[in-house]
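[1] Sequence below, structure please.
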Amino acid sequence: MKGPGNVSISRIISAVILFFFLLAAVSFSYSVSAEDGKNGGPDLDISSVYGRLDTNGPSTLYVVLHNNATGQAAKSQELDLDPAKARGITAELVSDDERVRVLSGPQMAGSLGPGENTTVEFMALAEGAEVGIYPARLRLSYSRLERVSTSSEDIAPDIIFVYEDLSEQLPLPVKVVLGPKIMIQEIEGAARPGEATELEVVVANEGDEAAIDLRLEARANSPFLRAGDELVNESD
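    A predicted model of the protein is given here:
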């Protein structure tokens, strides 16, 4: 016969078994991590950067972060006890040149386990900057699991998780380009009063990057009237 007392005892036994399993996993995890390099902590790095700044207006940079650390035992990963995991990452782009102004504030990047990647986005503006490479840095702050301890030597002691706050700065040179710069190079033809006139306009890209899907539209100002459709020119 199963009464209320039997259910309570069963739950207590299950809780005790779960507790000792967790305690054993913690001990196993830290016996492994103690032999690991960098105290078994995260090793964050910039794996790649996409985008560039141009002088025409605000631009977006995409920064890919990677955790180079080696993962701990599978048991510690299942219980989220890996000290090599960077938790609560905040990333901030800082420019060391006043001509490059960062428009985005600090970005939340979540957590990164060993071997994982995440991407953070920043918007910046190159004001009066010439073409070239400008110094900047990525300021990171995060935490990691430093140790797990118990409150006492009782039969069922409390498990205490202690986290360590970390910060670092990674160099992130920013490339500033001129970008596409479409200029009128030549105008052929002449306008005659009262007559329809066809003008041929020759444009050139004087920038340092290709203009993709270029679209040109002629707009007539008084005393001229436009006749015909807009000119569309697709360029690679």
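[2] residues near Phe122, how many?
    Neighbourhood size, Phe122 [other Cβ atoms under 10 Å]: 24. All C-beta atoms are positioned from the backbone trio N, CA, C, and that covers glycine.
[3] repeat for the one 5 residues further on
    Here the neighbour count serves as a burial measure; for Glu127 (other Cβ under 10 Å) it reads 10.
[4] Measure how buried Pro173 is and give me the count.
    12.
[5] could you check the distance from it over to Asp43?
    Distance, Pro173 to Asp43, using Cβ to Cβ, to the nearest Å: 21 Å.
[6] Over to Gly128?
    Distance of Gly128 to Asp43, computed by Cβ to Cβ: 38 Å.
[7] Give me the more crowded residue out of those two.
    Asp43 (14 against 8).
[8] isn't the more buried one right up against Asn67?
    Yes: Asp43 lies in contact with Asn67 (Cβ atoms under 8 Å); the separation is 6.4 Å.
[9] Worst mean pLDDT across the helices and strands of this protein, which element?
    Lowest by mean pLDDT, DSSP states H and E among the helices and strands of the chain is helix 4-33, with a mean of 47.
[10] helices and strands around the helix or strand following it, which ones?
    Proceeding N to C from helix 4-33, the next assigned helix or strand is strand 44-50, under DSSP states H and E. Applying 3 or more Cβ pairs under 8 Å, 6 or more residues apart in numbering; DSSP states H and E, we find strand 44-50 packed against strand 59-67, strand 136-150, strand 159-171.
[11] so can I have CSV of the ones you listed showing mean neighbour count?
    Converted to CSV, those look like this (neighbours: other Cβ atoms under 10 Å):
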stretch, mean neighbour count
strand 59-67, 18
strand 136-150, 18
strand 159-171, 12
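[12] Could you list the low-pLDDT ranges of the protein?
    For the chain, residues meeting the criterion pLDDT under 70 lie at 1-39, 71-79, 151-156, 179, 206-209, 223-236.
[13] Now do Asn56 against Glu127, distance only.
    Asn56 sits 12 Å away from Glu127 when distances are taken as Cβ to Cβ.
[14] How about Ala109?
    Ala109 is 27 Å from Glu127, where distance means Cβ to Cβ.
[15] Over to Ser143?
    36 Å.
[16] next one: Asn67
    If you go by Cβ to Cβ, the gap between Asn67 and Glu127 works out to 34 Å.
[17] Likewise for Arg99?
    Noted for Arg99: a distance of 6 Å to Glu127, by Cβ to Cβ.
[18] can you list contacts of stretch 163-172?
    With Cβ atoms under 8 Å, 6 or more residues apart in numbering as the test, stretch 163-172 has contacts from 41-42, 44-46, 49, 63, 86-87, 93-94, 135-146.
[19] What residues of stretch 117-128 count as buried?
    Neighbour-count burial for stretch 117-128 flags Thr118, Val120, Phe122, Ala124, Leu125, Ala126 (criterion: 16 or more other Cβ atoms under 10 Å).
[20] so what's the second one up against?
    Spelled out, that is Val120. By Cβ under 8 Å, 6+ apart, Val120 lies in contact with Tyr62, Val63, Leu65, Ala91, Gln107, Ala109.
[21] from those, which is closest to Glu186?
    Tyr62 (38.8 Å; Cβ to Cβ).
[22] Can you tell me how far the spatially closest residue to Asn117 that is not a sequence neighbour is from Glu186?
    Nearest non-adjacent residue to Asn117, counting by Cβ to Cβ, 6 or more residues apart in numbering: His66, 5.1 Å away. Taking Cβ to Cβ as the measure, His66 falls 50 Å from Glu186.
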